[in-house]
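Asker: Starting from these lines, generate the structure:
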Amino acid sequence: MEAKGLFNVARKEFIDHLTSRKFILILALFLIISAYSLHEGIGDYNNRLDEYKEQISRTDEIKGTHVIPTMPSIMCIFQRMREPMSFLGAILAIAMGFDLITREKETRSLKSLLSHPVYRDEIINGKALSGISALAFAVSIVFILLFAILLIFSIVPNMDEFLRIALFGAVTVLFLLTYFSIALMASTISKNSGIALMFAFVILLAISFGAPMLGGMAAKHMVGEPPERPEFQRPEVIDYEHPDEEREEWLRYQEVRDAYWKKKRAVRDAFEISSPLGSYGKLTGWLIEPRFIEVHSSSGLLSTIPAETTNFKELLEKFWKHILVLLIFPVVFLAIAYVKFMRMDIR
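Answerer: Residues are numbered from 1 along each chain as shown. Take a look at the predicted model:
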């Protein structure tokens with residue numbers, strides 16, 4: 001493989017992406033919905049800011065209060081953007097990759113392309129590089145537009161918030177790369193574009209929604225039903241009316257209950273960790289709400305609690321598994337596409 005041939009293929013494919021109707025149409029829809037979501041998020045932020053100012057005024061009126069209101073972060077503006085980013089972004093990524101190879105097969109241009117002084121690995125790697133570049137370009141355009149809207153509304157992020165917005169964009173590109181790699185692999189192993197598109201969407205549904213559903217069913221099957229609650233009411237910490245036997249029974253119930261939910265959560269998380277959508281949600285959730293983290297209570301319900309730290313290094317240690325998921329999936333699918341294309345019989 002030579003760098004000159006690789007970049008020639010990548011440049012040609014990148015221009016084809018930017019000038020294709022499907023790319024322009026989906027990108028325009030992407031921009032419109034993202035801008036609308038940001039506008040709604042700005043409204044939510046302004047409401048929170050008004051509530052914060054009202055709490056501050058009440059705090060000044062009530063002397064000796066220990067309640068300190070927290071000023072809202074502008075990152076809450078991006079809460080409404082997570083869904084369109086993931087849904088429309090996945091569609092854009094698949095639309096860019098599902099016919100990259102099958103189109104060449106159908107038009108019989110692949111054979112003539114290989115007749116030029118270009119190697120096979122330069123073709124497949126160039127197509128992959130062009131797709132990654134086009135995705136990064138699309139996300140950059142979206143975030144530049146959104147940042148401009150923030151400035152129009154006189155909302156200026158500080159350095160920490162600017163870094164989080166940039167990381168939000170980087171995680172989004174990494175997330176979309178997963179679905180582009182799936183589409184490229186489907187295009188490489190399929191006979192035509194229709195089959196490739198169907199195959200890509202089947203894999204998307206399987207890893208994004210099928211894995212978490214299987215995790216829930218597996219957890220229920222393996223762990224069983226939750227322990228039965230004692231008939232008497234929960235004894236308070238200082239309550240001498242309850243016999244010691246009941247108090248001990250309640251403590252045993254709490255121990256068994258906590259162990260049950262911990263085991264069930266471990267089984268479910270083992271399946272959910274294989275979902276790029278779930279990993280994307282965890283990472284962007286922390287970036288958007290740095291002061292809160294998602295936790296599972298002893299009853300199995302998802303809730304948020306204040307985070308002990310907002311330090312990037314410490315929280316990177318907490319979310320490294322989700323980052324690894326978003327890195328492994330593209331590598332695996334791109335490797336499959338590479339091997340298949342290199343062994344493809346082109347006649």
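
Asker: drop to CA atoms for contacts and neighbour counts, all remaining ones
Answerer: Will do.

Asker: can you tell me how far S133 sits from A337?
Answerer: Relative to A337, S133 is positioned 18 Å away (C-alpha to C-alpha, to the nearest Å).

Asker: okay, these two: which has more neighbours?
Answerer: Higher neighbour count among S133 and A337: A337, with 24 against 16, using other C-alpha atoms under 10 Å.

Asker: quick one: average pLDDT of whichever helix or strand the more buried one is part of?
Answerer: Assessed by DSSP states H and E, A337 sits inside helix 312-342. Helix 312-342 carries an average pLDDT of 82.

Asker: residue contacts, I101?
Answerer: Neighbour list for I101: L184, S187, T188 [criterion: C-alpha atoms under 8 Å, 6 or more residues apart in numbering].

Asker: Who wins on neighbours among those?
Answerer: L184 (33 neighbours).

Asker: Give me the spatial nearest neighbour of it, chain neighbours excluded.
Answerer: Nearest residue to L184, sequence neighbours excluded (C-alpha to C-alpha, 6 or more residues apart in numbering): G97, at 4.8 Å.

Asker: Just want the phi and psi numbers for the one you found.
Answerer: phi -110, psi -10 (degrees, to the nearest 10).

Asker: hang on, it packs against I132?
Answerer: No: using C-alpha atoms under 8 Å, G97 is not in contact with I132, being 10.1 Å away.

Asker: more neighbours, those two?
Answerer: Neighbour totals were compared for G97 and I132, and G97 leads with 28 against 22 (other C-alpha under 10 Å).

Asker: where's that one relative to A337, distance?
Answerer: 11 Å.

Asker: any idea how far L167 is from the residue most central in space within the chain?
Answerer: Central residue of the chain (C-alpha atoms, centre = their mean): Y280, 1.8 Å from the mean position. Counting by C-alpha to C-alpha, the separation of Y280 from L167 is 12 Å.

Asker: Could you do G89 as well?
Answerer: 16 Å.

Asker: now swap in M213 and tell me
Answerer: Distance from M213 to L167, by C-alpha to C-alpha: 29 Å.

Asker: swap in I273?
Answerer: 20 Å.

Asker: Can you show me the CA trace of stretch 178-190 as PDB?
Answerer: Only the C-alpha atoms of stretch 178-190 are listed here, as PDB (Å, rounded to 0.1, in the frame of the first residue of the first chain):
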ATOM      1  CA  THR A 178     -19.500   2.000  14.600                       C
ATOM      2  CA  TYR A 179     -22.500   2.100  12.300                       C
ATOM      3  CA  PHE A 180     -20.400   3.200   9.300                       C
ATOM      4  CA  SER A 181     -18.100   0.200   9.800                       C
ATOM      5  CA  ILE A 182     -21.100  -2.100  10.000                       C
ATOM      6  CA  ALA A 183     -22.500  -0.700   6.700                       C
ATOM      7  CA  LEU A 184     -19.100  -1.000   5.000                       C
ATOM      8  CA  MET A 185     -18.800  -4.600   6.200                       C
ATOM      9  CA  ALA A 186     -22.300  -5.400   5.000                       C
ATOM     10  CA  SER A 187     -21.500  -3.800   1.600                       C
ATOM     11  CA  THR A 188     -18.400  -5.900   1.300                       C
ATOM     12  CA  ILE A 189     -20.000  -9.300   2.000                       C
ATOM     13  CA  SER A 190     -23.300  -8.700   0.200                       C
END
